[in-house]
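J.: Need a 3D model of the sequence below.
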Amino acid sequence: MFGENNPEALIVGAGPVGQFAALALARRGVRVRVVDRGLWPCAQSYALALHPKSMKLLAGLGLRDAVLSSATMVDSIGLYDAKTRRASLPVADGAGDGVAVMRQDVLEGVLEQALEAEGVEIEWRNEVSRIAPGPSSVGVTIDKFTKESRGYVIAHTEWVISKSTEIETPFVIGADGYNSRVRRASKLDFQEVGPAQYFAVFEFKTDADVNREMRIVFGENTTDVVWPLPNGACRWSFEIPGYHDENLEGLQKGLLAAGFDFPSERSKERLFVSQGADSPLLEESSFRAMIAQRAPWFTGQVGEIVWKSIVRFERRLTSAFGDGRLWLAGDAAHLTGPVGIQSMNLGLAEADELAAAIAGVIRKGEPAASLEAYNQKWLGVWRQLHNLAGGVQASAGADPWLAAHASTLTSCLPAYGEDLGALAGKLGLTLARAAGA
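T.: Okay, the predicted model is just below:
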């Protein structure tokens, strides 16, 4: 039924999670195909750090050294208020891996090169327009887009469908981001589980010595973060309480309702970004004022600002990670706040487990119903991370300042499950369990 022209698993979306899923399947002998409606790999996104557990996953695929060659390492997390550092938390694991900071497009390049070595080429400018799941396979229509010149008096170019292909495949993995077509084909809810947050984000050159430390700064009603970046740069992200962008929120609702029907430049879909050139919040004077008010202990020079944006982060969770022949991983299933870079990192772990489960069905004859364990586990993990059932909590004798910020730390620490509990324990906090987490 499934000839060589039909993949055994179709991955929709070629971000880090989709590429990792494809590579994990290919290494297990599963024939895969990867499509993405974008024009090319993403050039700028918020995700920039790999957790220790993600480094283990990449090591398992032989990619650890390639990642480390382009990364800056973070060994500890500093927890600050406006006056001083209140606590320090080492994050390196037993193997010596801390948090690796690198650009997302660099990570995607490493994964894409590894896929090419497996004979898998990402098919850019390909949109999945039909998904018809059945009991043993999924019917899919894939539209390939090209640019075509139009007009007689005034010439212009438009994206048009140059070819449509019908395929049948046993499984479809939706790693296609916030507006996931795979999720919508599955008729799964994607409800908000917390209020959206806006951040003013600045990447800049600096001479600050951050000592391989990621810094989380708690204000009265804000959570800010500064990351060290390669090549003498930092990224500050300042939460902007009470901020709203009606145009951006209107765009978000329209995309969620209608979807894209054309290729797009691949910024991270979960991030609704307003470059905000006219916003006073993005002026250098505002940037300096926020540092002076919220983190006067940051005395590093502010050099060239190489990127600045106002970014909207939503908090959402799917009602299920899939069913039958359609499954989700990464931003297609969950969105959260920006500090801990959790959505992408957990997406890699989800992709690895999903690949193992699908390979078990295809190569070992395990029942397709066995994937329900994947659904239950990750729903539990994410309910915990969203503080819906469990989460980081104060324990007896905990420092009052840390106790006051315990629930916020759930989504800020670079870990989940037992690893999150271990990090919380180092702060004198505890992790309440959720079912399946």
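
J.: Off-centre distance for stretch 290-307?
T.: Remark: stretch 290-307 is offset 26 Å from the chain centroid, using CA atoms, centre = their mean, to the nearest Å.

J.: please renumber so the chain begins at 451
T.: Yep, numbering from 451; the last one is stretch 740-757 now.

J.: average pLDDT across it?
T.: The predicted model assigns stretch 740-757 a mean pLDDT of 94.

J.: Give me the buried positions along that stretch.
T.: Buried residues in stretch 740-757, counted by 16 or more other CB atoms under 10 Å: Met740, Ile741, Arg744, Ala745, Phe748, Gly750, Val752. Heads up, the C-betas are built off the backbone N, CA and C, glycines and all.

J.: and it, how far apart are its ends?
T.: This stretch, stretch 740-757, spans 17 Å end to end (CA to CA, to the nearest Å).

J.: residues in contact with that stretch?
T.: The set of residues that contact stretch 740-757 without belonging to it, under CB atoms under 8 Å, 6 or more residues apart in numbering, is 494, 530, 532-535, 650-660, 665, 667, 669, 672, 674, 676, 683-684, 686, 688, 734, 737-738.

J.: make it 7 Å
T.: Stretch 740-757 is contacted from outside by 494, 530, 532, 534, 652-658, 667, 669, 672, 674, 676, 688, 734, 737-738, using CB atoms under 7 Å, 6 or more residues apart in numbering.

J.: ok, now stretch 859-877?
T.: Contacts of stretch 859-877 with the rest of the structure, by CB under 7 Å, 6+ apart, involve 499, 501, 503, 537, 539, 541, 549, 666, 673, 786-787, 789-792, 796, 831, 835, 837, 841-842, 852, 880-881, 887.

J.: Quick check: end-to-end length of it?
T.: Stretch 859-877 has an end-to-end distance of 11 Å (CA to CA).

J.: residue closest to the middle of this structure?
T.: Met794 (2.7 Å; CA atoms, centre = their mean).

J.: Could you look up the SS state of it?
T.: For Met794, the reduced secondary structure class is helix; criterion used: DSSP: H, G, I helix; E, B strand; the rest coil.

J.: Pretty sure it sits against Ala497.
T.: Yes. Between Met794 and Ala497 there is a contact under CB atoms under 7 Å: 4.3 Å.

J.: Against Lys506, how distant is Asp869?
T.: 10 Å (CB to CB, to the nearest Å).

J.: same deal with Glu573?
T.: Counting by CB to CB, the separation of Glu573 from Lys506 is 29 Å.

J.: Also Phe652?
T.: According to CB to CB, Phe652 stands 32 Å off from Lys506.

J.: Compare these two and say which is more crowded by neighbours.
T.: Neighbours were tallied for Phe652 and for Lys506 using other CB atoms under 10 Å; the higher tally belongs to Phe652 (23 against 15).

J.: Do I have it right that the more buried one meets Leu679?
T.: No. Under the contact definition of CB under 7 Å, Phe652 does not touch Leu679, with a separation of 11.4 Å.

J.: quick one: common contacting residues for those two?
T.: Overlap of the contact sets of Phe652 and Leu679 (by CB under 7 Å, 6+ apart) consists of Arg685.

J.: quick one, helices of the stretch 751-887 of the chain?
T.: Applying DSSP state H, counting those that start in this stretch to the stretch 751-887 of the chain gives helices spanning 792-814, 822-835, 850-854, 856-859, 867-876.

J.: Sorry, wrong one. I was asking about the stretch 501-650 of the chain.
T.: Taking DSSP H, counting those that start in this stretch as the criterion, the stretch 501-650 of the chain carries its helices at 502-510, 514-518, 554-567, 631-635.

J.: Off-centre distance for the third one?
T.: Distance of helix 554-567 from the chain centroid (CA atoms, centre = their mean) equals 16 Å.

J.: Packing partners of it?
T.: Applying 3 or more CB pairs under 7 Å, 6 or more residues apart in numbering; DSSP states H and E, one finds that helix 554-567 makes contact with helix 466-477, helix 514-518.
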